[in-house]
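S.K.: Prediction below, plus the sequence it came from.
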Amino acid sequence: MLTLPRKHDTLIAAFAPIFGRRIWPQVLVLVVGAVLAAGNRTVTSLLRIMGMNDDEHFQNYHRVLNRAVWSSLAVSRVLLGLLVGAFTSGEPIVVAIDDTIERRRGAKIRAKGIYRDPVRSSQGHFVKANGLRWLSLTLLVPIPWAKRV
């Protein structure tokens, strides 16, 4: 079985209650593989880096992402709690929000929309783009040797 240093094991174990008891071993393999993998982080490359490319039940690892019942919102809550606990020390929390458009089209993409393209648009020229709008939330923390956040 996969073993991690105690410090890392307790961090990753904070996510265990979100996932079912049956899929937690697969999630653990995928998370550690994602940390170790270079390049594209596909499920196949994660299994390869973990030395499990000959596993006859590789489809179980793919099912973690497309069939298993777990909440990405719950995962993000735990992650935010860990980040705030690690990087803030009673100071105000500063976050940055950014959005980006992933240009995707097709009948099977349900969350697509038409958005203003900030890169191609200007004050006098409005450009629309089809696709998915992703919002990114970044926790900004002071770095000791930098004079700004």
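M.R.: That came through fine.

S.K.: So which residues of the protein form helices?
M.R.: Secondary structure of the chain (DSSP state H): helices at 6-13, 24-36, 43-49, 59-66, 72-87.

S.K.: Redo these as JSON lines? Include mean neighbour count and distance to residue 98.
M.R.: (C-beta placed from N, C-alpha, C; glycine too.) Shown next, in JSON lines, are the helices of the chain (neighbours: other C-beta atoms under 10 Å; distance: least, C-beta to C-beta, whole Å):
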{"stretch": "helix 6-13", "mean neighbour count": "11", "distance to residue 98": "26"}
{"stretch": "helix 24-36", "mean neighbour count": "17", "distance to residue 98": "22"}
{"stretch": "helix 43-49", "mean neighbour count": "18", "distance to residue 98": "27"}
{"stretch": "helix 59-66", "mean neighbour count": "14", "distance to residue 98": "25"}
{"stretch": "helix 72-87", "mean neighbour count": "12", "distance to residue 98": "16"}
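
S.K.: of the ones you listed, which approaches residue 108 most closely?
M.R.: Residue 108 lies closest, by C-beta to C-beta, to one member of the helices of the chain: helix 59-66, at 13.4 Å.

S.K.: ok now that closest one, how far from the chain's centre?
M.R.: Helix 59-66 sits 16 Å away from the centroid of its parent chain (C-alpha atoms, centre = their mean, to the nearest Å).
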